[in-house]
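Asks: got a predicted model here, sequence first, then my questions.
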Amino acid sequence: WQENDVLRYAASVETRSQHPLAQAIVQGLKDRHGEPGALTHFESQPGLGVSGSVEGHAVVVGNAECLKQAGADVSPVEASATAHREAGAGVMFVAVDGRLAGLIAVADPLRADTRASLAALHADGLRIIMLTGDSEATAKAVAAQAGNIAEVHAGLKPQDKADIVKHLTAQGAHVAMTGDGVNDAPALAAASVGVAMGTGTDVAIESAGITLAHGSLEALVRARRLAHATMRNIRQNLTFSFLFNGIGIPIAAGVLYPICGLLLSPMIAGAAMALSSVTVVANALRLSRGKD
């Protein structure tokens, strides 16, 4: 098999997939000035791979289990696949008409801010866990590059991710799940807070409670700090409101009049109420000045 032919068959099937790695394969074909073939009968198996008919040929792109189900033997390229995984790349096998055609390695490099973002989350006391459908070797290589990851669970199917989230929740943990792919949707829905990346798939965005406009963990750090600042601001505003009303209303009602003759005129009481509203609004507007 020629390299460009394997890529063309794989990209032809992946044109119908929303997975980020699928988009990388399609882009890889475009970078080589190739054009995908006509695709019919597309099928996606979450956690395994995709398949379809390309110009009359049955094409399967996925992990080893997916190709085994299609009757293809991946052992001839397993050594190469292991080397790519240990380098931190994800590996997808390609079969055409039931026979192994080759493999495609897709590296998803860490963003420049990933290490600093994870360090910030870890410093705030969060326990960071990686859930991935990639192989254990790939997951460990990426985790080592990222740092501050307490646990790594690899080779997971979509329901496996959701089960782990549910298990952590049952232990009393408040779980924030971050993801961007179709396979992350069940876990995003099961988490206490589902956080989807705006650059991810539609189903992930629909399953999450929060969507970050940029696919960056730095945005997660900022969103969390903003949430803390917002809750602190709410407590401050409640305090201001209770102080104004807790003191002003009884005085206006004449509680102190029998004791010391103190009584607020309606004009002063109205001004105090207005000042209460101004204080609360002014305090809330401070959030717009925050950098984090």
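Replies: Sure thing, it's come through. Numbers count the residues shown, from 1 in each chain.

Asks: strands of this protein, residue ranges please.
Replies: Counting by DSSP state E, one finds strands in the chain at the ranges 39-45, 49-54, 57-62, 89-96, 99-107, 129-131, 151-153, 176-179, 193-197, 210-212.

Asks: nearest to residue 117, of these?
Replies: Shortest separation from residue 117 across the strands of the chain is recorded for strand 176-179, at 10.6 Å, computed as C-beta to C-beta. For glycine as for every other residue, the C-beta is placed from the backbone atoms N, C-alpha and C.

Asks: what's in contact with that closest one?
Replies: With contacts defined as C-beta atoms under 8 Å, 6 or more residues apart in numbering, strand 176-179 is touched by 165, 184-185, 187-188, 190-197, 200, 204, 208, 217, 220.

Asks: go again using 10 Å as the cut-off
Replies: Applying C-beta atoms under 10 Å, 6 or more residues apart in numbering, the set of residues contacting strand 176-179 from outside is 121, 126, 128-129, 131-132, 161-162, 164-165, 168, 184-197, 200-201, 204, 207-210, 212, 215, 217, 220, 223-224.

Asks: list buried residues within the residues you listed.
Replies: With burial judged by 16 or more other C-beta atoms under 10 Å, the buried subset of those is 121, 126, 128-129, 131-132, 161-162, 164-165, 168, 184-191, 193-197, 200-201, 204, 207-208, 212, 217, 220, 223-224.

Asks: spit out the contact partners of residue 158.
Replies: By C-beta under 10 Å, 6+ apart, the residues touching residue 158 are 46, 47, 133, 181, 182, 183, 184, 185, 186, 187.

Asks: what's around the fifth one, how many residues?
Replies: Same thing as residue 182. Using other C-beta atoms under 10 Å, residue 182 is surrounded by 22 other residues.

Asks: next: residue 171.
Replies: Here the neighbour count serves as a burial measure; for residue 171 (other C-beta under 10 Å) it reads 8.

Asks: picking that back up, the strands of the chain: which one's closest to residue 31?
Replies: Distance to residue 31, taken as C-beta to C-beta, is lowest for strand 99-107 among the strands of the chain, at 13.0 Å.

Asks: could you check the angle strand 89-96 makes with the closest one?
Replies: Our comparison of strand 99-107 with strand 89-96, counting by axes from the mean of the first three to the mean of the last three C-alpha atoms, to 10 degrees, yields an angle of 160 degrees.

Asks: other SSEs contacting the helix or strand bottoming out on mean pLDDT in the chain?
Replies: The helix or strand of the chain with the poorest confidence is helix 257-260; it has a mean of 76 (mean pLDDT, DSSP states H and E). Taking 3 or more C-beta pairs under 10 Å, 6 or more residues apart in numbering; DSSP states H and E as contact, there are no helices or strands that helix 257-260 lies on.

Asks: in it, what's buried?
Replies: Quick answer for helix 257-260: no buried residues (16+ other C-beta under 10 Å).

Asks: now that helix: how far from the chain's centre is it?
Replies: In terms of C-alpha atoms, centre = their mean, to the nearest Å, the centre of helix 257-260 is found 62 Å from the chain centre.

Asks: try stretch 6-25
Replies: 21 Å.

Asks: straight-line length of it, end to end?
Replies: From its first residue to its last, stretch 6-25 covers 11 Å (C-alpha to C-alpha, to the nearest Å).

Asks: show me this protein divided up by domain.
Replies: 3-107, 114-220, 225-289 (automatic domain parsing).

Asks: weakest of those by average pLDDT?
Replies: By mean pLDDT, the lowest-scoring of these turns out to be domain 225-289, with a mean of 81.

Asks: from one end of that domain to the other, what's the distance?
Replies: Note: domain 225-289 ends 13 Å apart using C-alpha to C-alpha.

Asks: what does stretch 39-56 give?
Replies: The stretch stretch 39-56 measures 9 Å between its terminal residues, going by C-alpha to C-alpha.

Asks: next, count neighbours for residue 15.
Replies: Here the neighbour count serves as a burial measure; for residue 15 (other C-beta under 10 Å) it reads 18.

Asks: quick one on the thing from earlier: now intersect the buried ones among the contacts of strand 176-179 with the helices, please.
Replies: Secondary structure assignment (DSSP state H) places 121, 161-162, 164-165, 168, 185-190, 204, 207, 217, 220, 223-224 from the buried ones among the contacts of strand 176-179 within helices.
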